[in-house]
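>>> Below are the sequence and a predicted model for it; my questions follow.
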Protein chains: 4
Amino acid sequence: MRTTAFRRTFALFLLIATTSLLTALKPKTQKVIFFGDSITQQGARPGGYIMKMKDELEKKGLSSDYDLIGAGVGGNKVYDLYLRMDDDVLAQKPDIVFIWIGVNDVWHKTTSGTGTDPDKFEKFYSAIINKMLDQHIKIFLVTPAVIGERTDFTNQQDGDLNAYSQIVRNLAQKFHTGLVDLREIFHTYELKNNPGNKESGILTVDRVHLNEAGNQFVADTFLDALLAK
Amino acid sequence: MRTTAFRRTFALFLLIATTSLLTALKPKTQKVIFFGDSITQQGARPGGYIMKMKDELEKKGLSSDYDLIGAGVGGNKVYDLYLRMDDDVLAQKPDIVFIWIGVNDVWHKTTSGTGTDPDKFEKFYSAIINKMLDQHIKIFLVTPAVIGERTDFTNQQDGDLNAYSQIVRNLAQKFHTGLVDLREIFHTYELKNNPGNKESGILTVDRVHLNEAGNQFVADTFLDALLAK
Amino acid sequence: MRTTAFRRTFALFLLIATTSLLTALKPKTQKVIFFGDSITQQGARPGGYIMKMKDELEKKGLSSDYDLIGAGVGGNKVYDLYLRMDDDVLAQKPDIVFIWIGVNDVWHKTTSGTGTDPDKFEKFYSAIINKMLDQHIKIFLVTPAVIGERTDFTNQQDGDLNAYSQIVRNLAQKFHTGLVDLREIFHTYELKNNPGNKESGILTVDRVHLNEAGNQFVADTFLDALLAK
Amino acid sequence: MRTTAFRRTFALFLLIATTSLLTALKPKTQKVIFFGDSITQQGARPGGYIMKMKDELEKKGLSSDYDLIGAGVGGNKVYDLYLRMDDDVLAQKPDIVFIWIGVNDVWHKTTSGTGTDPDKFEKFYSAIINKMLDQHIKIFLVTPAVIGERTDFTNQQDGDLNAYSQIVRNLAQKFHTGLVDLREIFHTYELKNNPGNKESGILTVDRVHLNEAGNQFVADTFLDALLAK
């Protein structure tokens, strides 16, 4: 009887040990926040890039590994992110954050006279990065993709988008963060897929916001970055 | 001998007591920081409004009561103040701060496309006030005075200056701070002293920055507020 | 018989003479063109101010005296009027023209960076007036009414609207044209009817374009000017 | 005696005939007007590109063939050229006109909110060309060169400068005028001579206005066009 009791106890022990081991080996679900403007706000809607990333993770059997959360607000500039980062990002204790900002910092110069000076863009962006790094969050910086899809740099804001993207690249290097250089990646794509030099309709519906192909393209690009980390 | 010793001790006691009393009665020097843009930066130069305030305090025999410090930087907008307030204001442990900002938040909309949206103006201004109140600093908010001295509201930025001044007035009321309503005070002065509806030369040299009369007028106005508190 | 023939002839003569006389006395139909921007474009639609003027003329039995024609194009600035005046106005040989322009010259400074400098506004406006006066057209200049209906001059473009309206008033005086000072007339109306200092909903739907009350108000105001001439 | 008289007469005849022939063969002096903005205004000053062209023509012994006249006015946009072309160009009956405009049409969008919409830029430019062609003037269109000399298209106005230059190229093709594509020519030069990607100091003093090298480069380029015609 004592042997039987021992065996039972031992079997129970093995079960618990194995379960514990499996639990320990199984990666914790990573909380990923996409922090941005209207492009990201739309990315969290059906058909949006965040939704497409979820579908893709599901197909790969990785859906329990990542919890993808949209935190985009229309019209946001870099200092809007700064002002709401405590509530919308830090309070949620994410493991990973994609910061995708800059289009409105450039665009609003023309549409409302309230764009962001490049040196202020860099200062607030740095402040955001510093606060996140203090919380040991893994960060991906994303360069602003396009305002107009023409490939010959005749879109009105191309000069500023190129300049502000360079600021973002420099920040990624300085702070050793991840970088998804959508500005460059979109340009390469457009050179191949926009032979007519159209200003919209390839990856965007309206020069800025993503169409079906654009959402898929961004989803694939972000997923590569996420899984490669 | 005991009497002598007692007398000495008592005399010493009286001396210490009197000194302590005088020290207690004598007001501590109040550190006053003027926090603003190029108008304040120029205010700290010879002939500037801060220098004139010092002269005035000297005449009144109050120069040891107040330590006036200029903290103006050309081109500053409300979020520039926010970004440098830790270093330039809080670290100096002031007792009183005059916050005079807003001209560039409005003006830069036209001159570089990088003005400040009214809701962001209010948010950053509130953040500055909150941080200062946390340190028990006595605050005076100052409305942006003029961009152009015409009295009939035909200066290009009059609409915005009126609107942003209203935001400042509302903040003063909300946070129970002091208020120096230069926008209103200048307008009243101009109605009397600018019958030709000129756009500069009454209180400014160039529609924005103070001339001799302007610096004297601001010095008098700020001093009234400071001493009336 | 001769008498009879004579009487018939004489009666016929009287008939013809009277008819001719009446025709001569009856005023020729005056062709009136409303030359402007989207406000005028909408004014020609059902419920628009031009339509309401027609209704009003009908009620007064004056509908055959005036032929009212809308010539408004959305987004137009003063130099757009200049560029299309030959085709859209002069070629139609109008007797009277209402020129209502200026909102976009001011507004586009902020919304696209392509507003009109005040000196160019005056130059192109003068060129339009000169060309019309050469054709002996009776002209009414109309000041730009509102961008925002707040009564305390806190609408962003109030400074410029006041300034550009003053340019229009000066032109009316210089060229001895008619003037409908909508800027002043709207302001007086708003002071009475907008106690809540709202920025739209009194005479406009969206701070600029006329609502039902606005169209009626402009129709009445323009009709007074037209019939008083 | 008759022989002598004959000889004298014949000699005189030969002299007159030869002189007449030489006069007939000698090309008439061509009046060349440079029509533009502050860059051209400065080009007419000592050391400016127009002065350098004169020096060059002198060296080539061609100074009597061309009368070079500067007609640049600071701050001019395309419609300023339109407004003053009758007085400053047509009234002077030029044979050849270089039209160099566009920098302010783009730049003023940002610096004062009064840039020129691309479609209006094209309309006024076309109107200028049409009026000149009516007077059988030989025209060279010149694309706007630079606002900032960085070679990687990170200058703020690069997008618009590229776009407006394309409009100018299209106009040259449409109206069969000459074209001096300074935008392209400067870019090629900068790629070779600005390895540090500086924003000024290569061909300009301040990102826009020509330095010594810039004036020489433009003088050479314009002279090539002028003599090649």
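Okay, I see it.
>>> Return the set of residues that bridge with the residue most central in space within chain A.
With the centre of chain A defined as its mean C-alpha position, the nearest residue by Cα atoms, centre = their mean is A:F98, 3.1 Å away. For A:F98, the residues forming beta bridges with it (DSSP bridges) are A:F34, A:F140.
>>> what sits against it?
With contacts taken as Cβ atoms under 8 Å, 6 or more residues apart in numbering or on different chains, A:F98 has the following neighbours: A:V32, A:I33, A:F34, A:F35, A:G36, A:I139, A:F140, A:V142, A:V180, A:F222. The way it works is simple: take the backbone N, C-alpha and C, and place the C-beta from them, glycine included.
>>> Among these, which one lies nearest to A:I16?
Closest approach between those and A:I16, by Cβ to Cβ: A:V32, at 31.8 Å.
>>> Now do that closest one against A:R84, distance only.
Distance check for A:V32 against A:R84: by Cβ to Cβ, to the nearest Å, it reads 18 Å.
>>> Which one of those two is surrounded by more residues?
When neighbours are counted by other Cβ atoms under 10 Å in any protein chain shown, A:V32 comes out ahead of the other of A:V32 and A:R84, with 21 against 15.
>>> That one - that's part of a strand, no?
Yes: counting by DSSP: H, G, I helix; E, B strand; the rest coil, A:V32 is part of a strand.
>>> In three-state terms, how would the residue lying closest to A:A163 once chain neighbours are set aside be classified?
In space, A:A163 comes closest to D:T154 once its chain neighbours are excluded; the distance is 4.1 Å by Cβ to Cβ, 6 or more residues apart in numbering or on different chains. State at D:T154, reduced to three classes by three-state DSSP: coil.
>>> Contacts only, for D:T154.
Residues near D:T154 by Cβ under 8 Å, 6+ apart: A:G159, A:N162, A:A163, A:Q166, D:N197.
>>> now the third one: how far from B:F6?
As for A:A163, its distance to B:F6 is 82 Å (criterion: Cβ to Cβ).
>>> Have a look at those two and say which one is more surrounded.
For A:A163 versus B:F6, the count of surrounding residues by other Cβ under 10 Å is larger for A:A163: 20 against 10.
>>> related to what we said a few turns ago, most neighbours among the contacts of A:F98, which one?
Of these, A:V142 is surrounded by the most neighbours, 29 neighbours in total, counting by other Cβ under 10 Å.
>>> Now that that one has come up, it's in contact with A:V97, right?
No: between A:V142 and A:V97 there is no contact under Cβ atoms under 8 Å: 10.4 Å.
>>> Please, where are all the helices along chain A?
With helices called from DSSP state H, chain A shows them at A:2-25, A:38-43, A:49-59, A:78-88, A:103-111, A:118-134, A:158-175, A:182-193, A:212-228.
>>> Tell me if the fourth one is near chain B.
In other words, helix A:78-88. Yes: Helix A:78-88 is in contact with chain B by Cβ under 8 Å from any Cβ of the partner chain, via A:Y79, A:D80, A:L83.
>>> mind putting those in a markdown table, neighbour count, pLDDT and distance to chain D included?
Formatted as a markdown table, the residues of helix A:78-88 next to chain B follow (neighbours: other Cβ atoms under 10 Å in any protein chain shown; pLDDT from 0 to 100; distance: Cβ to the nearest Cβ, whole Å):
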| residue | neighbour count | pLDDT | distance to chain D |
| --- | --- | --- | --- |
| A:Y79 | 26 | 98 | 20 |
| A:D80 | 21 | 98 | 22 |
| A:L83 | 19 | 97 | 26 |
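>>> Get me the contact residues on chain A for chain B.
Residues of chain A found near chain B (Cβ under 8 Å from any Cβ) are A:79-80, A:83, A:108-110, A:112-117, A:120, A:123-124, A:127.
>>> Closest one of the residues you listed to D:N104?
Nearest to D:N104 among the residues of chain A next to chain B is A:T110, at 16.2 Å by Cβ to Cβ.
>>> ok, now which ones touch that closest one?
For A:T110, the contacting residues are A:Q156, A:Q157, B:G113, C:S112, C:G113, D:K109, D:T110, by Cβ under 8 Å, 6+ apart.
>>> For the fifth one, which non-adjacent residue is closest in space?
Spatial nearest neighbour of C:G113, excluding adjacent residues (Cβ to Cβ, 6+ apart): D:K109 at 3.2 Å.
>>> That neighbour touches C:G115, doesn't it?
No: contact between D:K109 and C:G115 fails when scored by Cβ under 8 Å: they sit 9.5 Å apart.
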